[in-house]
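Peer 1: can't give you the sequence, but here's the structure:
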């Protein structure tokens, strides 16, 4: 179905489009007029130790005073006191009736507190922020008085940032208006497509005998050429998604949608609407034998929806509610990628085209990573697109040892390395594919060398583990000659890195050595987080706190996708995540078993290696929190289901007996007639 077909349907079903679109616009205008603009004012205070810390602390000690310590414990006790119901009542009596929050300042290891008040009256918000700041000092003094802390050892508060002039917070307001308008217009669009599909079915039922649709006639008229009337398919739409995902930095998003509002994600959701319109209009049917990845996505969707309901049953913060809403949008993007790749691609040639484009675009992203590494910069920081805003604070170039860790257009070097690790097996398969021998050795092997060579540049254990798993899965299945050649190339590459980039291999070796000896600070920090997350798991073990709610701004980084899944979606969500990985592994193994050619068997091994890489490295960072990595994982999951469908249909077709020719049928019919006995007439 082309864009012209969709526009024609919308024009014919104007009685759905016009009223619902007008209603959505009127509802958006009503919300714009009735929802007041909220304002937020902030202040910051720090805790100062007593002047007596130069002397010895009292022998009896005091955990609240913590004289001479970091005062972080004191600040934590003060925050919990200000968040209590008694403090809320006292502040309400002092005129602080709007919503207020108290917490540690972002990315601060010192006892620096941030106080904020949000309301609709600008002047009142400023007064309330001043009252909250003063009340903070009073509460700290009252706590120490109740604990009988000697005056010489009392901790005091000092304002670092005075109550700021309230600024408007229009993002939430515009998000509500945009959601109402989008829901109305999408509903009108889907109703129009549904009505068109029903009409098509009825016309087919009333068709007279002998009627031949226009597209099946012997000489159909040529359709005019142009952008609007050009036939769209899933490969074209997914190619557009890949271009946006690879070349628009992940931190640039639409302001009204938050972190999930990247142009690539929005394009994927539009692609899902295109598929629904084409399917409801009777123009396309899901490819046969490709149901498995979509069934796995149904399991994941069920777990996410249950966690969303679980979040609604508890008193969650406003930021957590927004995070849960963004989680549903992210789930829609993943569903779109799996559906388009598995059910939307009807021809094997188009699927192979998509996989070649995936490898080529991944190679370009890897080349950008080379520039970041050798230039010691992040090229993505210099990209600014009008209309898009950064959803995260600026990320400085990350160093490890004496090397700059590249991230190309991704959000983090771990995402960059993980994404390349799941794409390298497909680049290797395309390099060995006999069908592409005409392309020449350079065009076939350059993507393998570029993407595999970029993995060590990230100076991360995740990249090396991913590369090792891919080698461990793919190389043993090769013939001995190819296998020993591959091992020699790997060893030669390691030696080449030692010569070309001195110190890189040693730095990576030290990373694993410190990990095995448990002397690595990064590993120790992650171990501490594992114990810190246990209370959240025991509090809601089955359905979690809500998908997308365990954000670093409110809690902390988990650096482990499995722990994050347990915290957000519980044990049910963890099972759903494992179902996804097992589905990818099963698809690769099934393709390998059912394949009739060596190239297809190696393709199945590539899917198997990619799924195993995703399974293992998800324990090293919160993988699905990064949009580019998550998009590539779900795209390859859907592509594996599509390939498995083609392999199954080809195997079923090969098992059927070939139809006999007409001459053979006539000869066979003549033979029995020649052998009929001659009957004599009875007298």
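Peer 2: That came through fine. Keep in mind it's a predicted model, so treat the numbers as computed, not measured.
Peer 1: what about the helix or strand harbouring residue 174, average pLDDT?
Peer 2: Using DSSP states H and E, residue 174 sits within helix 171-206. Computed over helix 171-206, the mean pLDDT rounds to 72.
Peer 1: got the contact list for whichever helix or strand comes after it?
Peer 2: Using DSSP H and E, the next helix or strand after helix 171-206 towards the C-terminus is helix 234-247. For helix 234-247, the external contacting residues (C-beta atoms under 8 Å, 6 or more residues apart in numbering) are 262-264, 267-268, 271, 274-275, 337, 340-341, 344-345, 350-351, 353-354, 357-358, 361-362, 364-365, 409, 627-628, 631-632, 635. C-betas here are computed from N, CA, C, even on glycine.
Peer 1: Type out the ChimeraX command that picks the buried ones from these.
Peer 2: The ChimeraX selection below is limited to those of the contacts of helix 234-247 classed as buried (16 or more other C-beta atoms under 10 Å):
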select :262,263,264,267,268,271,274,275,337,340,341,344,345,350,351,354,358,361,362,365,409,627,628,631,632,635
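Peer 1: Packing partners of the strand or helix carrying residue 323?
Peer 2: Residue 323 belongs to helix 318-342 when elements are defined using DSSP H and E. If you count contacts as 3 or more C-beta pairs under 8 Å, 6 or more residues apart in numbering; DSSP states H and E, helix 318-342 packs onto helix 234-247, helix 263-280, helix 291-312, helix 627-655.
Peer 1: now the ones you listed in JSON lines, with mean pLDDT?
Peer 2: Below are the helices and strands packed on helix 318-342 laid out as JSON lines (pLDDT from 0 to 100):
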{"stretch": "helix 234-247", "mean pLDDT": "92"}
{"stretch": "helix 263-280", "mean pLDDT": "87"}
{"stretch": "helix 291-312", "mean pLDDT": "92"}
{"stretch": "helix 627-655", "mean pLDDT": "89"}
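Peer 1: So which of those is nearest residue 74?
Peer 2: Evaluated over those, closeness to residue 74 peaks at helix 291-312, with 31.7 Å, by C-beta to C-beta.
Peer 1: buried ones in that closest one?
Peer 2: Applying 16+ other C-beta under 10 Å to helix 291-312 flags 292-294, 296-297, 299-301, 303-304, 306-308, 310-311 as buried.
Peer 1: now stretch 552-568
Peer 2: Neighbour counts using 16+ other C-beta under 10 Å place 555, 558-568 of stretch 552-568 among the buried residues.
Peer 1: now, among the residues you listed, which is nearest to residue 117?
Peer 2: residue 555 (22.4 Å).
Peer 1: In a strand, the closest one, correct?
Peer 2: No. Assessed with DSSP: H, G, I helix; E, B strand; the rest coil, residue 555 is coil; it does not lie in a strand.
Peer 1: Phi first, then psi, for it.
Peer 2: The phi and psi values for residue 555, taken as degrees, to the nearest 10, are phi -120, psi -110.
Peer 1: Need the per-residue pLDDT for it.
Peer 2: Looking at residue 555, its pLDDT is 77.
Peer 1: export the helices and strands packed on helix 318-342 to CSV and tack on distance to residue 588?
Peer 2: CSV is the format used below for the helices and strands packed on helix 318-342 (distance: least, C-beta to C-beta, whole Å):
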stretch, distance to residue 588
helix 234-247, 20
helix 263-280, 24
helix 291-312, 12
helix 627-655, 6
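Peer 1: need the next SSE after the helix holding residue 323, C-terminal direction.
Peer 2: As assigned by DSSP H and E, the chain's next helix or strand after helix 318-342 is helix 348-375.
Peer 1: Direction included, what does the next helix or strand after that next one pair up with?
Peer 2: As assigned by DSSP H and E, the chain's next helix or strand after helix 348-375 is strand 389-390. Neighbouring strands of strand 389-390 in its sheet, by DSSP bridges, are strand 252-253 (antiparallel).
Peer 1: ok but residue 117 is inside a strand, no?
Peer 2: Yes. Using three-state DSSP, the assignment for residue 117 is a strand.
Peer 1: list the contacts for it?
Peer 2: 40-41, 96, 98-100, 125, 128-129, 132.
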